[in-house]
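Participant: give me a model of this one.
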Amino acid sequence: MSQSVKRAAAILDAIATRPKTVAQLAEEFGLHRSTMFRELQSLEEVGYARRRQDGTFTLGFHLVSLAQASLDNLDLREAASAHVRALHEVLGNTLHVAALMGDTIVYVDKVEDPAGVRMYSRIGSRVLPHCTAVGKAILADLDVPRRDALLADTDWTPHTERTITTRAALDAELEIVAARGWAVDDAEFEDFVNCVAVPIRTPAGVVGALSMTAIRMVHDVEQITRRVPLLQKTAARIARELG
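Facilitator: Model (predicted):
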């Protein structure tokens, strides 16, 4: 992949997280402001970025529409939708569906707890596999070469004091996940939430994961793991939909 394409992709990732000014992006990428402005103009011309009234840049409507169209065509999202919403009626907590797409894991569906706190995750955003329950549930079902590919670009900088920061420690946990059939994120990415996830498996192998997220002050890990059987039943229904 060319450097210009890589940089454009990185800029889009940066403004997807939150809107940023030319100056902020120039500093982040180590570029002169005029160079960054030209990059943003090019992205703006094709509808991948747009400038807001306050001068910051965010994702363009064309890119958002392309992402939505892609997500609408994902078999996993379509197969999971009704089942996840039925489960949400029972649990109430925030539910996520993540899909394994090549060497990336992506959130493809999310049903939020209306009384909960807004979380980082967004439909269409990439999952950090080493510090999320859905990521670990998927990784535990993969052979070593596939696992290596998904973890190749991992930044092991801790997000909280509980984040796993080495491959050896992650592999040790994945052995436990594989043996018991479900994974936990105990405040490893966001320190105010915990999460439990189960893999979604078809005859072809793992295709994604289903998770439930809760506020730690309301439900501790022991409490949310009691919901694993319900998650597993729903994951099995989703897998049957996929055939």
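Participant: in this protein, which spans are helices?
Facilitator: In the chain, the helices defined using DSSP state H lie at 3-17, 22-29, 33-45, 61-72, 75-91, 133-139, 144-151, 167-180, 221-225, 228-242.
Participant: what does the shortest one contact?
Facilitator: Put plainly, it is helix 221-225. For helix 221-225, contacts defined as CB atoms under 8 Å, 6 or more residues apart in numbering pick out N93, W182, V184, D186, N194, C195, V196, M212, A214. (Each C-beta comes from the backbone N, C-alpha and C, glycine too.)
Participant: one more time with 10 Å
Facilitator: For helix 221-225, contacts defined as CB atoms under 10 Å, 6 or more residues apart in numbering pick out 91, 93, 133, 180, 182, 184-187, 194-196, 211-214, 216, 218-219, 231.
Participant: and those, which of them are buried?
Facilitator: 91, 93, 133, 182, 184-187, 194-196, 211-214, 216, 219, 231 (16 or more other CB atoms under 10 Å).
Participant: keep only those of those that are in strands.
Facilitator: With DSSP state E as the criterion, strands contain V184, D185, D186, N194, C195, V196, S211, M212, T213, A214 from among those.
Participant: mean confidence for stretch 101-119?
Facilitator: When pLDDT is averaged along stretch 101-119, the result is 76.
Participant: dump the residue contacts of the residue lying closest to E39 once chain neighbours are set aside.
Facilitator: Among residues not flanking E39 along the chain, I11 sits closest, at 6.1 Å (CB to CB, 6 or more residues apart in numbering). By CB under 10 Å, 6+ apart, I11 lies in contact with 20, 25, 28-29, 31, 36, 39-40, 42-43, 48-49, 57.
Participant: how near is I11 to T213?
Facilitator: 29 Å (CB to CB, to the nearest Å).
Participant: kindly report the same for R7.
Facilitator: 33 Å.
Participant: then V193?
Facilitator: Counting by CB to CB - V193 and T213 are separated by 5 Å.
Participant: distance of the residue of the chain most remote from its centre relative to L40?
Facilitator: Here the chain reaches farthest from its C-alpha mean at S34, the gap being 32.8 Å by CA atoms, centre = their mean. For S34, the distance to L40 equals 11 Å [CB to CB].
Participant: overlap in contacts, those two.
Facilitator: V22, A26.
Participant: contacting residues around K20?
Facilitator: I11, A14, A26, E27, E28, M36, L40, G55, T56, F57, T58.
Participant: quickly list what it is bridged to.
Facilitator: On the basis of DSSP bridges, K20 is bridged to F57.
Participant: that one and E190, how far apart?
Facilitator: Relative to E190, K20 is positioned 21 Å away (CB to CB).
Participant: so who does F57 touch?
Facilitator: Going by CB under 10 Å, 6+ apart, F57 touches 11-12, 14-15, 19-22, 24-25, 36-37, 39-41, 43-44, 49-51.
Participant: show me the shaky parts of the chain.
Facilitator: For the chain, the stretches flagged by pLDDT under 70 are 1-2, 64-74, 114-121.
Participant: domain-wise, how is it divided?
Facilitator: 3-67, 74-242 (automatic domain parsing).
Participant: just say which of these is most tucked in.
Facilitator: domain 74-242 (a mean of 18; mean count of other CB atoms under 10 Å).
Participant: ok, for V177, nearest residue in space, not its chain neighbours?
Facilitator: A140 (3.9 Å).
Participant: return the residues in contact with that neighbour.
Facilitator: 147, 171, 173-183, 199, 206, 209.
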